[in-house]
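**Q** I would like to see how this sequence folds:
(4 chains)
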Number of protein chains: 2
Amino acid sequence: MEKEITIYDIAKLLNLSPATVSRALNDHPAINSNTKSVIAAKAKEMGYRSNTFASNLRRQRTDTIGVIVPRLNSHFMSTVLAGMEKVVNKSSYNLIISQSLESVKKEIANAKTMFNSRVDGLLVSVAYDTDNTDHFDAFVKRGIPLLFFDRVLEHKQGTSIIIDNTKAGYEAVSHLIEQGCRRILYITGNLKRNVYADRLKGYRLALLEHGLPYLDELVMVTDLSQEAGIEAARLIQRMDKKPDGLFIANDLCAVSCMSALRKNGFSIPDDIAVVGFNNDPVSVVIEPNLTTIDYPGEKMGEIAAQSLINHLNGSLDIQNTNTIILHSELLIRQSSVKKGAN
Amino acid sequence: MEKEITIYDIAKLLNLSPATVSRALNDHPAINSNTKSVIAAKAKEMGYRSNTFASNLRRQRTDTIGVIVPRLNSHFMSTVLAGMEKVVNKSSYNLIISQSLESVKKEIANAKTMFNSRVDGLLVSVAYDTDNTDHFDAFVKRGIPLLFFDRVLEHKQGTSIIIDNTKAGYEAVSHLIEQGCRRILYITGNLKRNVYADRLKGYRLALLEHGLPYLDELVMVTDLSQEAGIEAARLIQRMDKKPDGLFIANDLCAVSCMSALRKNGFSIPDDIAVVGFNNDPVSVVIEPNLTTIDYPGEKMGEIAAQSLINHLNGSLDIQNTNTIILHSELLIRQSSVKKGAN
DNA sequence: ATGAAAGCGCTAACAC
DNA sequence: GTGTTAGCGCTTTCAT
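**A** Take a look at the predicted model:
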């Protein structure tokens, strides 16, 4: 097994001081460029690798940004993460990613781990049932910048990056109404989450504007899983007055609900028109293709990471910005277009 | 902003030595349990957090396991990762996860990062176009254990965890033949990858055993993306002698291909029967439901992580194990069951 | 342009 | 059961 090489080893062999080696390796301007190349060559030859721990210990920072997301395996989230990586790769920062699996408990644990790994900043999209920011207090107290995206929490300081979920919900439901729907069922996630609560606001607004009544029985709170979609189809089957439109806050759930409904003999969109949310790839695989809200995940990731980095570099003060709102768009496909409607 | 608390601060306040505080915090058996609770209480009160960097620097290990996967946003991979997390959470190790996005270039960069973060061990599933193990040599040289799973590479030492892809391919194709298929198109990924090459072996074996000829023109190498599925459907449309069965090495691609074929007027399974691979949730959403190979992702993750941890703890020597093979299973659904067949 | 030296916070060998 | 002390590898201030 090879021995670990340190800057001392390099320094000794080159008759230089460790300080010079350190500076050269970090491309310090005061070092002669010749010396630099000699050192770089030797380091490479000897298989030197910098010891991040020693460096972090000494510098009192980690150049690391933590990310906590509900799940990794959603198309939306992985798109967001791709955006973050893109930005972070251009900087000297690194990303540590962890998932809460939609549980506050795990989110708290993850936050603690992030805190103990001394991330320089934290990007968070909260879990299903998170209902306070206590587990992030430690960060605020130590002045570690905190930025929420998509699923955000009310917090006195710091930025949130979101889309206008109210508007998106309004557009989705207005579209259904224009297609002739009069009983629109909204299948949603936990209404604690801004994303679902705001879409509900949009739903109500659209009904109101078109003179349709708001009925509690037409709001179904689920976990938006595939199973929830199937269960929703079962419940619809049993309803006396069946809905003629569905607005489902997640494409995966929408797609499995549609599929179950069709198995039960419903015709989509004619019996029931459906609008999903997220523009997940599966939305163009299902028959009929799913009308959905497209949502700029990559951009959201880029902006989140860039804002945080700018703040860390001192070129932007996050604490004074409030909310960044990105555009979303209704993509109309066959699942919601009734033949009768214009 | 609060000052960072160290064990020295705690020691001073409690009139103890830093060593005692350190031991107490690490639950060292020699420390009086009273002392321990006093120290623990004080640490909590003062908002102490252990400095991992100092600790890692001193202990010369990180208690961290690196994971490199092609993509995070596949159902299979996230299931594998869930399995790993489950095991790792029970131990004192942490996980660092990174994705290569199917590119060797990024995989090399990730490996380097992992190496520099001094992971104690590495779990890898390689990218699409990786064709040698050079970027893992540094780990081997330093005696850092390396374990491949699912998409594995030939390497002299170390364990691989896989399913029997040849058998899975054989079963998939035999099933299609039994349903009456005579021209079966295999849509695959890069044949450098064991998973795709071995399934091809199974495909050939099944043909051979049933007296069907093997034809080069019936093997289509793609990137198995959704777009590839649509493109494949286009190519099938143009073929003079159309296939009557498809074996597609990935459900997502299979599903989009099926969907495109149906739009072009093909009836599934009657014109073309389809078998996918992975048992992705989408396989039960598509109409008709997709016959596929089910694949124990979570178990694979658990075994991979556990084997590595056992090796690190000295209770198992990975270098002497070779290959662990997990069971897979053909799930027959409507997409492949022809009405005519028995 | 380079060097000397101190110290980041922790742990472990050795002492008592 | 607890204390003393040295050192992990790096960066940086202060010298020259």
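**Q** Now name the helix or strand holding A:F76.
**A** Assigned by DSSP states H and E, A:F76 belongs to helix A:75-90.
**Q** so where is the stretch 1-150 of chain A shaky, pLDDT-wise?
**A** Segments of the stretch 1-150 of chain A classed as low confidence (criterion: pLDDT under 70) are A:1-2.
**Q** quick one, helices of it?
**A** When secondary structure is read from DSSP state H, counting those that start in this stretch, the stretch 1-150 of chain A shows helices at A:7-14, A:18-25, A:33-46, A:52-59, A:75-90, A:104-116, A:137-141.
**Q** correct me, but A:P269 touches A:Q179?
**A** Yes - taking contact to mean Cβ atoms under 8 Å, the distance of 7.2 Å between A:P269 and A:Q179 places them in contact. Yep, even glycine has a C-beta here, placed from its N, CA and C like the rest.
**Q** Touching both of these two, which residues are there?
**A** Here A:P269 and A:Q179 have A:S336, A:V337, A:K338 as joint contacts, going by Cβ atoms under 8 Å, 6 or more residues apart in numbering or on different chains.
**Q** What is the nearest of those to A:N165?
**A** Distance from A:N165 was checked for each of these by Cβ to Cβ. The minimum falls on A:S336, at 18.7 Å.
**Q** What separation is there between the closest residue to that closest one other than its chain neighbours and B:V282?
**A** The spatially closest residue to A:S336, leaving aside those adjacent along the chain, is A:T291, at 3.9 Å (Cβ to Cβ, 6 or more residues apart in numbering or on different chains). The span separating A:T291 from B:V282 equals 18 Å under the rule Cβ to Cβ, to the nearest Å.
**Q** and if you look at A:A19?
**A** 58 Å.
**Q** do A:N279 as well
**A** Counting by Cβ to Cβ, the separation of A:N279 from B:V282 is 15 Å.
**Q** With A:R61 instead?
**A** With distances taken as Cβ to Cβ, A:R61 is found 43 Å from B:V282.
**Q** Of the two, give the one with the bigger neighbour count.
**A** B:V282 (27 against 12; other Cβ atoms under 10 Å in any protein chain shown).
**Q** Could you double-check that the more buried one lies in contact with B:A254?
**A** No - under the criterion of Cβ under 8 Å, B:V282 lies out of contact with B:A254, with a separation of 9.0 Å.
**Q** any common contacting residues for these two?
**A** Residues touching both B:V282 and B:A254 (Cβ under 8 Å, 6+ apart): B:L290.
**Q** In contact with A:T35, which residues?
**A** Applying Cβ under 8 Å, 6+ apart to A:T35 gives the contacts A:L16, A:T20, A:A24.
**Q** List the contacts of the second one.
**A** What it means is A:T20. Applying Cβ under 8 Å, 6+ apart, we find A:T20 in contact with A:A11, A:I31, A:T35, A:I39.
**Q** Taking these together, which two end up most distant?
**A** Going by Cβ to Cβ, the two entries of those that are most distant from one another are A:A11 and A:I31, at 13.0 Å.
**Q** Read off the pLDDT value for whichever residue of the stretch 201-342 of chain A sits closest to DNA strand C.
**A** Relative to DNA strand C, the nearest point of the stretch 201-342 of chain A is A:L312 (19.4 Å; Cβ to the nearest atom of the strand). The model reports A:L312 with a pLDDT of 89.
**Q** how many neighbours does it have?
**A** A:L312 sits with 19 neighbouring residues when counted by other Cβ under 10 Å.
**Q** which element is A:A168 on?
**A** Using DSSP H and E, A:A168 sits in helix A:165-178.
**Q** Remind me what that helix packs against, helices and strands.
**A** strand A:184-188, helix A:194-209, strand A:245-248, strand A:273-275, strand A:292-294, strand A:329-331 (3 or more Cβ pairs under 8 Å, 6 or more residues apart in numbering or on different chains; DSSP states H and E).
**Q** at 7 Å instead, please
**A** Helices and strands in packing contact with helix A:165-178 are listed as helix A:194-209, strand A:245-248, strand A:273-275, strand A:329-331; criterion 3 or more Cβ pairs under 7 Å, 6 or more residues apart in numbering or on different chains; DSSP states H and E.
**Q** can you put the ones you listed in TSV and add mean pLDDT, mean neighbour count and distance to DNA strand C?
**A** What follows is the helices and strands packed on helix A:165-178, written out as TSV (pLDDT from 0 to 100; neighbours: other Cβ atoms under 10 Å in any protein chain shown; distance: least, Cβ to the nearest atom of the strand, whole Å):
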stretch	mean pLDDT	mean neighbour count	distance to DNA strand C
helix A:194-209	97	20	37
strand A:245-248	98	29	49
strand A:273-275	98	29	53
strand A:329-331	98	16	49
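**Q** ok, A:V282 touching B:D280?
**A** No - the pair A:V282 and B:D280 does not pass the contact test of Cβ atoms under 7 Å, sitting 9.6 Å apart.
**Q** circling back to that earlier point, which positions in the helix holding A:A168 come out as buried?
**A** Of the residues in helix A:165-178, those buried by neighbour count under the rule 16 or more other Cβ atoms under 10 Å in any protein chain shown are A:165-177.
**Q** Can you report how many residues neighbour the closest residue to A:N194 other than its chain neighbours?
**A** Across the structure, with Cβ to Cβ, 6+ apart as the measure, the residue nearest A:N194 apart from its sequence neighbours is A:V152 (5.5 Å). Close neighbours of A:V152, defined as other Cβ under 10 Å, add up to 20.
**Q** what does A:G158 give?
**A** For A:G158, the count of nearby residues is 24 (other Cβ under 10 Å).
**Q** Distance to DNA strand C for the shared contacts of A:P269 and A:Q179 - can I get that in CSV?
**A** Output for the shared contacts of A:P269 and A:Q179, formatted as CSV (distance: Cβ to the nearest atom of the strand, whole Å):
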residue, distance to DNA strand C
A:S336, 58
A:V337, 62
A:K338, 65
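**Q** A:E302 and A:T321: what is the separation?
**A** When Cβ to Cβ is applied, the distance between A:E302 and A:T321 equals 16 Å.
**Q** So the two - more neighbours on which side?
**A** Neighbour comparison, A:E302 and A:T321: the larger count goes to A:E302, with 20 against 17 (by other Cβ under 10 Å).
**Q** Find the helix or strand that that one is a member of.
**A** When elements are assigned from DSSP H and E, A:E302 belongs to helix A:297-312.
**Q** Kindly report the same for A:A233.
**A** Secondary-structure element containing A:A233, defined by DSSP H and E: helix A:226-238.
**Q** can you list the residues of the stretch 51-200 of chain A near DNA strand D?
**A** Where the stretch 51-200 of chain A comes near DNA strand D, counting by Cβ under 7 Å from any atom of the strand, the residues are A:N51, A:A54, A:S55, A:L57, A:R58, A:R59.
**Q** The second one reaches B:L57, doesn't it?
**A** Right, the one you point to is A:A54. Yes - under the contact definition of Cβ under 7 Å, A:A54 touches B:L57, with a separation of 5.3 Å.
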